[in-house]
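Q: here are the coordinates; sequence isn't available:
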């Protein structure tokens, strides 16, 4: 075999690998993400109003509670419910602020914890105490830095429960603010939601986010709460759901009135610390989900380098044809998914944000090997 044949075989191999990676991407988009994009809620014959306990954990969150707690307290929900805030050893004015709120809102319950739980980092201890103190079977969880997108959040989330359903997944979005960092954070949040919501719709749920999550108290107690993950700083939302979710006990709520909103980090450094803390839990997912998520991440990471390589060393027309097939599929599915999740303003530059995800994975890959930080949040 002469040199020209070796060069041709090398170039062909690069193109073939690019085609395989593109095919894997198309499988994920049409096999999973299209379920979110083309989701249509089935009408319910009977709408129920379950007794609900909203549980919020707070530690030195006086400022956030002053801004966001009224949005929870003013929910339009005529049935039985309580708002339970767990004040975990706060050193600011959280206790006094909550006492002032309780003078006006009789449905506000306060649990003051004044000691740390040794060997249980993160917020699993206060959340467990809040769940055990809750008076109702349906739990609706959010964070102190979150505000419901509407006064119907509580109603919309609990309405997803029906016989056999133990978990309801919602979307925790970020406020739209000027600046590139806000858009990058919101796209990454959309990208993550596109995965976990689509997987749930496909019957293989693997996580939820604590900013907007609901499950049954009985499910929590039956599975001994967070006992199997108490040694980890995170995982009170994603790892718990990864453990207890099944193909039949999860529902997804995509109503914009059922979203929650948070303020995105203002600096890249703060966002980096937040994300690296979150990514330390992924290695503890069940093997099937580690494989599926890992394969998708690897295919996205390799896609653009292989595209450029094939474009330069092989037939550019064929390379662009393969690229175009993925581009059109992705554009359509992202457009419909962004409308579903209220992120339509991101669509005009979605392709740039998609390229950014290559660099995102380069930057945050180190989190897979870093030792988790032992901080509360």
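A: Now that the structure is in, tell me what you want to look at. Computed from a prediction, not measured in an experiment: that's the story for all the values here.
Q: partner strands of the strand or helix carrying residue 85 and their direction?
A: For residue 85, the host element (DSSP states H and E) is strand 81-88. Sheet pairing of strand 81-88 (DSSP bridges) gives strand 52-58 (parallel), strand 108-113 (parallel).
Q: of the ones you listed, flag the one that's most buried.
A: Among the strands paired with strand 81-88, ranked by average contacts under mean count of other Cβ atoms under 10 Å, first place goes to strand 52-58 (a mean of 26). From N, CA and C alone the C-beta is placed, and that goes for glycine too.
Q: what does it rub up against?
A: By Cβ atoms under 8 Å, 6 or more residues apart in numbering, the surrounding residues in contact with strand 52-58 are 64-65, 69, 72, 77, 79-88, 90, 94, 123, 126-127, 130-131, 134-136, 138-144, 154, 158, 217.
Q: how about the helix or strand that comes right after that strand: buried residues?
A: Moving toward the C-terminus from strand 52-58, the next helix or strand (DSSP H and E) is helix 62-73. Along helix 62-73, these residues count as buried under the neighbour rule (16 or more other Cβ atoms under 10 Å): 62, 64, 65, 68, 69, 71, 72.
Q: go on, stretch 113-132?
A: 113, 120-131.
Q: strand 52-58 and the next helix or strand after the strand holding residue 85, what's the angle between them?
A: For strand 81-88, the following helix or strand on the C-terminal side (DSSP H and E) is helix 94-104. With axes from the mean of the first three to the mean of the last three Cα atoms, to 10 degrees as the basis, helix 94-104 and strand 52-58 are set at 150 degrees to each other.
Q: what is the mean pLDDT for helix 94-104?
A: Here helix 94-104 scores 94 as its mean pLDDT.
Q: now do the SS call for residue 312.
A: Three-state assignment for residue 312 (DSSP: H, G, I helix; E, B strand; the rest coil): helix.
Q: ok, so of the buried residues of stretch 113-132, who is nearest residue 303?
A: The closest of the buried residues of stretch 113-132 to residue 303 turns out to be residue 122 (Cβ to Cβ; 34.4 Å).
Q: surely the closest one is in a helix?
A: No - per three-state DSSP, residue 122 lies outside any helix segment and is coil.
Q: which intervals of the stretch 51-200 of the chain have sub-threshold pLDDT?
A: Of all residues in the stretch 51-200 of the chain, none has pLDDT under 70.
Q: how about a cut-off of 80?
A: 115-119, 121-122 (pLDDT under 80).
Q: over to the stretch 201-350 of the chain?
A: Those would be 233-234, 276-280, if you go by pLDDT under 80 across the stretch 201-350 of the chain.
Q: residue 26 versus the residue most central in space within the chain, what's the distance?
A: With distances taken as Cα atoms, centre = their mean, residue 209 lies nearest the centre of the chain, 4.4 Å away. In this view, residue 209 and residue 26 are 27 Å apart by Cβ to Cβ, to the nearest Å.
Q: one step back: could you dump the strands paired with strand 81-88 to a markdown table with distance to residue 225?
A: A markdown table is the format used below for those (distance: least, Cβ to Cβ, whole Å):
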| stretch | distance to residue 225 |
| --- | --- |
| strand 52-58 | 13 |
| strand 108-113 | 16 |
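Q: residue contacts, the closest residue to the residue nearest to the centre of the chain other than its chain neighbours?
A: Spatial nearest neighbour of residue 209, excluding adjacent residues (Cβ to Cβ, 6 or more residues apart in numbering): residue 172 at 4.8 Å. Going by Cβ under 8 Å, 6+ apart, residue 172 touches 142, 146, 189, 209, 210, 211, 212, 259, 260, 261, 262.
Q: where along the stretch 251-377 of the chain do the strands fall?
A: 260-262 (DSSP state E, counting those that start in this stretch).
Q: show me where it has helices.
A: 268-279, 287-313, 316-340, 350-364 (DSSP state H, counting those that start in this stretch).
Q: nearest to residue 35, out of the ones you listed?
A: Here helix 316-340 is closest among these (Cβ to Cβ), at 9.7 Å.
Q: and that closest one, which residues are buried?
A: 319, 322, 323, 326, 329, 330, 333, 334, 336, 337, 338, 340.
Q: quick one on the thing from earlier: the residue nearest to the centre of the chain and residue 240 touch, don't they?
A: No - contact criterion Cβ atoms under 8 Å: residue 209 and residue 240 do not qualify, at 11.5 Å.
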